[in-house]
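Engineer: fold the stuff below for me.
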Amino acid sequence: MREHGAPVDMFDAGVLEPKMTKADVPRLQELAAQANCVWLIYSHDWYTDPQKIVPATLRSAMLSRKEQSFEGLKIQLYERRGGPECGEPKP
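Structural biologist: So this is what the prediction gives:
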């Protein structure tokens, strides 16, 4: 399992919580194209992604399968169309 941040991996931008912009979409599309399953851990989106670019980009390439909401946090599962079912994450 690989872990990545959006718009960039943590600390790569020199900012703790960089804002997602439309200019970041190609990188996210590239990452999604390399995976059958994407687990999105989505928090602080009111600040980092107020336009909801990340889930919209993932939905354009994958099927939204599951979502669980917690206070201040959402966990969403996206699966490649025609790919294997992803199920639960493994530790």
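Engineer: centroid residue for the chain?
Structural biologist: With distances taken as C-alpha atoms, centre = their mean, the residue of the chain nearest its centroid is Leu40 (4.0 Å).
Engineer: so that residue sits against Leu73, correct?
Structural biologist: No - under the criterion of C-beta atoms under 8 Å, Leu40 makes no contact with Leu73, lying 10.7 Å away. (Each C-beta comes from the backbone N, C-alpha and C, glycine too.)
Engineer: picking that back up, three-state assignment of the closest residue to the residue nearest to the centre of the chain other than its chain neighbours?
Structural biologist: Closest residue in space to Leu40, ignoring its immediate chain neighbours: Gln76 at 4.4 Å, by C-beta to C-beta, 6 or more residues apart in numbering. The three-state label for Gln76, taken from DSSP: H, G, I helix; E, B strand; the rest coil, comes out as strand.
Engineer: and Gln76, how many neighbours does it have?
Structural biologist: Gln76: 19 surrounding residues under other C-beta atoms under 10 Å.
Engineer: next: the one 4 residues further on.
Structural biologist: Close neighbours of Arg80, defined as other C-beta under 10 Å, add up to 16.
Engineer: also Ser43?
Structural biologist: Neighbourhood size, Ser43 [other C-beta under 10 Å]: 15.
Engineer: same check, this time on the one 5 residues further on
Structural biologist: Taking other C-beta under 10 Å as the criterion, the count of residues near Thr48 is 19.
Engineer: contact partners of the helix or strand bottoming out on mean pLDDT in the chain?
Structural biologist: Here the helix or strand of the chain ranked lowest by mean pLDDT, DSSP states H and E is helix 45-48, holding a mean of 88. Residues from elsewhere that reach helix 45-48 (C-beta atoms under 8 Å, 6 or more residues apart in numbering): 17-20, 52, 54, 74.
Engineer: buried residues, that helix. List them.
Structural biologist: Using 16 or more other C-beta atoms under 10 Å as the test for burial, helix 45-48 gives 45, 48.
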